[in-house]
Each structure stands twice: as C-alpha cells, then as structure tokens.
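Asks: prediction below, plus the sequence it came from.
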Amino acid sequence: MSTRERAAELDAQDPLAHLRERHHLPEGLVYLDGNSLGAMPRTAPARLQHTVAHEWGERLIRSWNESGWYTAPARAAAALAPLLGADADEVVVADSTSVNLAKLLHTALTLRPGRGVIVMERGSFPTDLYVARGVLALRGGGELRLVDGPQDLLGVLDDDVALVSVTEVDFRTGFRWDVGAVTASAHAAGALALVDLCHSTGALDVDVHAWDVDLAVGCGYKFLHGGPGAPAHCYVARRHHAGLPSPTPAWFGHAEPFAMSTGFTPAPGVQRLAGGTPPVLSLTGLLCGLESLEGATPAQLQAKATALTGFFLELLDAHCPELEIATPRDPARRGAHVSVRHPRAYALVQALIARDVVGDFRDPDIARFGLAPTTTRFVDLVTAVEQVRAVLDGGEDTQERFAARTAVT
Ligand SMILES: Cc1ncc(COP(=O)(O)O)c(C=O)c1O
Ligand SMILES: Nc1c(O)cccc1C(=O)C[C@H](N)C(=O)O
C-alpha cells in the first residue's frame, strides 16, 4: 500500500472526518495554520450577514433582547465549558487572552496576599511576559521568576510564589506541559496554578477539573474557529468564586448592570470578570465556531491530533531526514502542531505557501505546521511532505524572492 493509500484509509476510518465538511477551505489548499487562525465555519457568512443586515440594520437596539445579543457571552461559555472540562458558570467569554490574563494575574496575586512572585516560562508567548511584568508594575512591585522547563520548577518554588503560570503547549516547539503535575507542585508550595490554553482548547483533551488547576485563559480564533479577533475565555475554579476580586470592575460584571447604580456590586462568580459591552459580531463568529465542533469530545479531538502529528513526524523522518524536529516525540508531551528547525525557516515557509501549503514561521528558525483535528486530513500531510521535499530539492528555501520578511507571518 502506498503512503497516500494508507493516509486515505486513515481518513476513511477517522470518526471526526465529518467536521471538515462544516468548514470552508479553498480548493487545493493544504492549510496547516489552524493554530494561528482556524478555518471559517460554513455557517458564518450567512449568520454574520443576518446579524448585520437584519438584527443591526433593521431591528437596532431591540436586538439586544429579541435576538439574544445580551445572552451571547453566556451561550458561548455554555458551549465552550465541555471542551475545557469545566462547568458553564466557571467560564466567562470576553476580551482577548492578554486582557483575561491580566485580570487573572491580578486575581491570583490578590488571592495569595503576602506573596509577590509569578513563575512563568522564559519562552512564553511574549504577550504573557509583557502582561505579567505590567501587572506586577501596576501593583507596585513583585517578581517575575522565569523557568526554562519542568526540570526547573521545583527549584524555584518557595513561600513567596503566588502563582505558577504555564502555557500548556509551547507556540514554537509544540512541547506540552503536564498541567496536573504543575498544579500539584504549585499547590504543595501554597501557590495557585494558571494555564494558558491558546494552543489547546478545541484540539486537546483539556480537563481543568481533573488537573485541579485554579485559573485558565484561552483564545477563540484558533482551534475554536471563531474568526479573527474572536473573544477569548477565562476559567476560575468554583472554590475561588466566593470572594473573587474584580480586577476590572466594569458594568457587564455588575450584579445588575441596568440598575445604573454608582457603586459596583459584583455579579456572582466569574461573571464579575466580564468587561464592557460584548462584541456581538465577533461573538456571532465564535458561536458558529463552537457549533462547528458540536459532538466532538476533547478526548476525540486529542486522539485525532495525536494521530495526525504522529503520522506527520513519520513522513518527515522518512522523506526529509535532514530537517531537525523541534517537537517532542512523546505523544503525551506534544500538542497539535509539529515544528522543524531550519536555518532559513522563513524562506522554507514562504516557498511552501507559494505551493499552496500554508504553515507559518516563528522567529528565529522555526517552521510550524498546525494540524487542527477538525479540518486536517491525513492525505493533506502526504501532500505537505511531498511539497517540503520539492522545496528542499529545488533549493527554493535559498531563493532571494522568499527571503524578505513581512510584518505578519
Ligand atoms: C500562548 C498564547 N498566549 C496568548 C496569545 C495572545 O492572545 P490574544 O491575542 O488573544 O491576546 C497567543 C496568540 O496570539 C498565544 O499563542
Ligand atoms: N493573533 C494573531 C494575529 O492577530 C496575527 C497573526 C498571528 C496571530 C496568532 O494568534 C499567533 C499565535 N498565537 C501563535 O502562536 O503564533
């Protein structure tokens, strides 16, 4: 059996194969960048058109009630909660990941008075580091203590640590932390644990209850297919709801927003973390994305992601042995993308895009391929590796026309 035949067989046996039909992908394109922007749900254009033309255009302010604009964040939280292993009232859908992280870092520092240290990874997605430094500065001090990986964690935990914050899946290499173990270590030191789920929600077997993690943030535009700038989410374990601080007391987090009282009375639980007026158009996209995942369990999504990454690694080993694999071989320690290191990774990625295989480049030397379990087929991976081989054989990764970087990649 040829590799392509084997891939076609894997696709035929895939219990999630039908999810691809719920999304639009341009004909002939192999899209391996769903970990930056997920494919569009087929329902999105008509739904957004209706929201804009009818609900906004014709019904105007009445749509807050009659079209459920007002309840859209709660409906999104309810659809999202099973993908996090959370209860709906532990999740709030609002703002960007960065803003939610700021809110939860304030929360953690407030819940652990007398402790001023946040532990984070040195290689975190940069916004996490910016936000942590910003929050500490706003609070008048504290320390951001950086680790390179799990091997460093126990050595940095002491009585000053308020929070250990890790990103489950590293955006460069795809390395995946054992969040349950991180949480247990943090708790043993009297600290809280937070996980950034940007590269996890909708792709992996996320289970905040089983992990016992205190806080989590994640985004809506990658594996949740919510569209560019879709609202992000945050999770707070129920045990912290009583007495939860309101780091950004804003009116949609008020117990009675339309009472218009001058004093802030927080809404119960995580609802107090909602900000201002919800972005209805973006929420409409996110609701389409969440519907496109309906019926798929986190365990199924992870099983497919693991099978895809395993197959892709096997093909790269067999056909492109000169490429250095940056992603862990252990399926338990990798997420839903595969990265290779290459001295001219940017040119490699650009040459692949010119051949209709879209991955992305991450500074300084990473070519990254996101294998969304919703939309990626095993046969796509055969095509992708054939094209990688052709680029390398043709020396296209050394061509000048692919060397100049653009701002967004
Ligand atoms: C791990 C991680 N954290 C945070 C972010 C930033 O999210 P946002 O743009 O929603 O603030 C991203 C991606 O942009 C990310 O990959
Ligand atoms: N949010 C993005 C954007 O607005 C433009 C380009 C890329 C993004 C991303 O999400 C990047 C992504 N978090 C990453 O892991 O690289």
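Replies: It's in. Keep in mind that what you see is a predicted model, and the values were worked out from it rather than measured. Ligands and ions are numbered 1, 2, ... in the order given.
Asks: how far away is Ala159 from ligand 2?
Replies: No, residue 159 isn't Ala; it's Asp. 34 Å (C-beta to the nearest ligand atom, to the nearest Å). Every C-beta, even on glycine, is put in place using the N, C-alpha and C of the backbone.
Asks: from here on, count from 285
Replies: Sure thing, new numbering starts at 285, so read that last one as Asp443.
Asks: which residue is the nearest non-sequential neighbour of that residue?
Replies: Leaving aside its sequence neighbours, Asp443 sits nearest to Gly474 (C-beta to C-beta, 6 or more residues apart in numbering; 6.7 Å).
Asks: the one you found belongs to a strand, doesn't it?
Replies: No: per DSSP: H, G, I helix; E, B strand; the rest coil, Gly474 lies outside any strand segment and is coil.
Asks: helices of this protein, residue ranges please.
Replies: 287-297, 302-305, 328-334, 347-350, 356-368, 381-395, 410-422, 434-440, 463-472, 492-495, 564-576, 582-603, 629-638, 662-677 (DSSP state H).
Asks: which residues sit in contact with the residue nearest the centre of the chain?
Replies: Taking C-alpha atoms, centre = their mean, the centroid of the chain lies closest to Cys482, which sits 1.9 Å from it. Residues in contact with Cys482 (C-beta atoms under 8 Å, 6 or more residues apart in numbering) are Thr381, Phe409, Thr451, Val453, Phe455, Val501, Gly502, Cys503, Lys506.
Asks: check His603 too.
Replies: Counted by C-beta under 8 Å, 6+ apart, His603 has contacts Val669, Glu670, Val672, Arg673.
Asks: which one of those sits in the busiest neighbourhood?
Replies: Val672 (26 neighbours; other C-beta atoms under 10 Å).
Asks: picking that back up, can you list the contacts of Cys482 in TSV and add distance to Tyr630 and pLDDT?
Replies: TSV is the format used below for these (distance: C-beta to C-beta, whole Å; pLDDT from 0 to 100):
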residue	distance to Tyr630	pLDDT
Thr381	25	98
Phe409	19	98
Thr451	23	98
Val453	22	98
Phe455	16	98
Val501	29	98
Gly502	28	98
Cys503	24	97
Lys506	21	98
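Asks: tell me which parts of the stretch 485-634 of the chain are close to ligand 1?
Replies: Counting by C-beta under 6 Å from any ligand atom, the stretch 485-634 of the chain comes close to ligand 1 at Cys503, Ala516.
Asks: run the last query once more with 8 Å
Replies: Selection of the stretch 485-634 of the chain residues close to ligand 1 by C-beta under 8 Å from any ligand atom yields Val501, Cys503, Gly504, Tyr505, Lys506, Ala516.
Asks: quick one, phi/psi of the third one?
Replies: Comment: the main-chain dihedrals of Gly504 come out as phi -100, psi -10, following degrees, to the nearest 10.
Asks: dump stretch 537-549 to CSV, restricted to CA.
Replies: Only the C-alpha atoms of stretch 537-549 are listed here, as CSV (Å, rounded to 0.1, in the frame of the first residue of the first chain):
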residue,chain,number,x,y,z
GLY,A,537,-19.6,42.4,35.6
HIS,A,538,-22.0,44.2,37.8
ALA,A,539,-24.7,42.2,39.6
GLU,A,540,-27.4,44.5,38.0
PRO,A,541,-25.8,46.4,35.0
PHE,A,542,-29.0,48.2,34.1
ALA,A,543,-29.7,49.4,37.7
MET,A,544,-27.1,52.0,36.7
SER,A,545,-26.1,52.4,40.3
THR,A,546,-23.0,54.4,41.1
GLY,A,547,-21.4,51.8,43.3
PHE,A,548,-20.0,48.5,41.9
THR,A,549,-21.7,45.3,43.2
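Asks: near ligand 1, which residues of the stretch 335-484 of the chain?
Replies: Within the stretch 335-484 of the chain, the positions lying close to ligand 1 (C-beta under 8 Å from any ligand atom) are 380-385, 408-409, 411-412, 451, 453, 455, 480, 482-483.
Asks: separation between the residue nearest to the centre of the chain and Cys518?
Replies: According to C-beta to C-beta, to the nearest Å, Cys482 and Cys518 sit 12 Å apart.
Asks: intersection of neighbour lists for the two?
Replies: By C-beta under 8 Å, 6+ apart, the residues touching both Cys482 and Cys518 are Val501, Gly502.
Asks: where does the protein get nearest to ligand 2, residue-wise?
Replies: Closest to ligand 2 within the chain is Phe455: 3.5 Å, counting by C-beta to the nearest ligand atom.
Asks: so that residue makes contact with Pro410?
Replies: No: using C-beta atoms under 8 Å as the test, Phe455 is too far from Pro410 to be in contact (9.4 Å).
Asks: quick one: which of those two has more around it?
Replies: For Phe455 versus Pro410, the count of surrounding residues by other C-beta under 10 Å is larger for Phe455: 23 against 9.
Asks: with adjacent residues omitted, what lies nearest to that one?
Replies: According to C-beta to C-beta, 6+ apart, the nearest residue to Phe455 is Phe409 (5.0 Å).
Asks: quick check: that neighbour touching Asp480?
Replies: Yes: contact criterion C-beta under 8 Å: Phe409 and Asp480 qualify, at 7.2 Å.
Asks: near ligand 2, which residues of the stretch 435-584 of the chain are found?
Replies: Counting by C-beta under 8 Å from any ligand atom, the stretch 435-584 of the chain sits next to ligand 2 at Phe455, Cys482, His483, Cys503, Tyr505, Lys506, Pro512, Gly513.
Asks: looking at the closest residue to Ala472 other than its chain neighbours now. What's its pLDDT?
Replies: Using C-beta to C-beta, 6+ apart and skipping residues adjacent in sequence, the residue nearest Ala472 is Leu441, 7.8 Å away. Here the pLDDT value assigned to Leu441 is 98.
Asks: what inclination does the lengthiest strand in the chain have with respect to helix 410-422?
Replies: Once the chain is assigned using DSSP state E, the strand that runs over the most residues is strand 445-451. Angle of strand 445-451 versus helix 410-422, following axes from the mean of the first three to the mean of the last three C-alpha atoms, to 10 degrees, is 160 degrees.
Asks: could you give the angle of strand 445-451 to helix 463-472?
Replies: 170 degrees.
Asks: and strand 445-451, which strands flank it?
Replies: Here strand 445-451 has these sheet partners by DSSP bridges: strand 401-405 (parallel), strand 476-480 (parallel).
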